[in-house]
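Enquirer: Provide a 3D model corresponding to the input given below.
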Amino acid sequence: MRVRLLVCGVMGALATLLSLPVLAAVPSVEKPMAVLRVLDKVTARVEEIDVQTETPYKFGTLFVTAHSCRETTPDETPESAAFLEVSEIKAGQTEAGVFKGWMFASSPALSAMEHPVYDLWLMGCKGGATAAAP
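Expert: Numbering: from 1, shown residues only. Alright, predicted model coming up:
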């Protein structure tokens, strides 16, 4: 009985592994700057900002830090992705995290920043290539 359960468990695990999609690595180039569009919903102010990687940028009460910005190589389907960390500091309060994760230029709703006052979208990356990633 135990052997039969073990065999069924192994077969189930193999079936699960075989059904997983195979993901291919897409070549990308690291860029030193993320281009973001920010909307202040209260004042209807829209700005396109350039955020240098690892340098916090202040917009209203938000602090935006781009840790990485990558673009696909010219021979691939165009895509830009940035790893962003957004926090908010209101007067008399401590810093509160608002968003931390990858944002994609072609699919802004895939990992959107949810905030009652601000909207933020990745438009792309720019600057000279600093390193190629596999």
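Enquirer: so what's Ala96 closest to, chain neighbours aside?
Expert: Of all residues not flanking Ala96 in the chain, Glu88 sits nearest, at 5.2 Å (Cβ to Cβ, 6 or more residues apart in numbering). Glycine gets a C-beta too; all of them are placed from N, C-alpha and C.
Enquirer: what about this protein, any weak spots by pLDDT?
Expert: Along the chain, the parts satisfying pLDDT under 70 run over 1-26, 129-134.
Enquirer: residue nearest the centroid of it?
Expert: What sits nearest the mean C-alpha location of the chain, by Cα atoms, centre = their mean, is Trp102, with 1.3 Å.
Enquirer: Could you name the specific helix or strand carrying it?
Expert: strand 96-104 (DSSP states H and E).
Enquirer: And that strand, what does it pack against?
Expert: Other helices and strands packing on strand 96-104, by 3 or more Cβ pairs under 8 Å, 6 or more residues apart in numbering; DSSP states H and E, are strand 80-88, strand 118-126.
Enquirer: Which positions within that strand qualify as buried?
Expert: Val98, Phe99, Met103 (16 or more other Cβ atoms under 10 Å).
Enquirer: ditto for stretch 27-34
Expert: Ser28, Val29, Glu30, Lys31, Pro32, Met33, Ala34.
Enquirer: Please work out how many residues are found near the closest residue to the fifth one other than its chain neighbours.
Expert: The spatial neighbour of Pro32 that comes closest, neighbours along the chain excluded (Cβ to Cβ, 6+ apart), is Gly127 at 4.0 Å. Other residues within reach of Gly127, judged by other Cβ atoms under 10 Å, total 15.
Enquirer: likewise Cys69?
Expert: 30.
Enquirer: ok, it - contacts?
Expert: Glu30, Lys31, Pro32, Met33, Ala34, Thr53, Ser80, Ala81, Ala82, Phe83, Cys125 (Cβ atoms under 8 Å, 6 or more residues apart in numbering).
Enquirer: Quickly note the distance from it to Gly92.
Expert: Counting by Cβ to Cβ, to the nearest Å, the gap from Cys69 to Gly92 is 33 Å.
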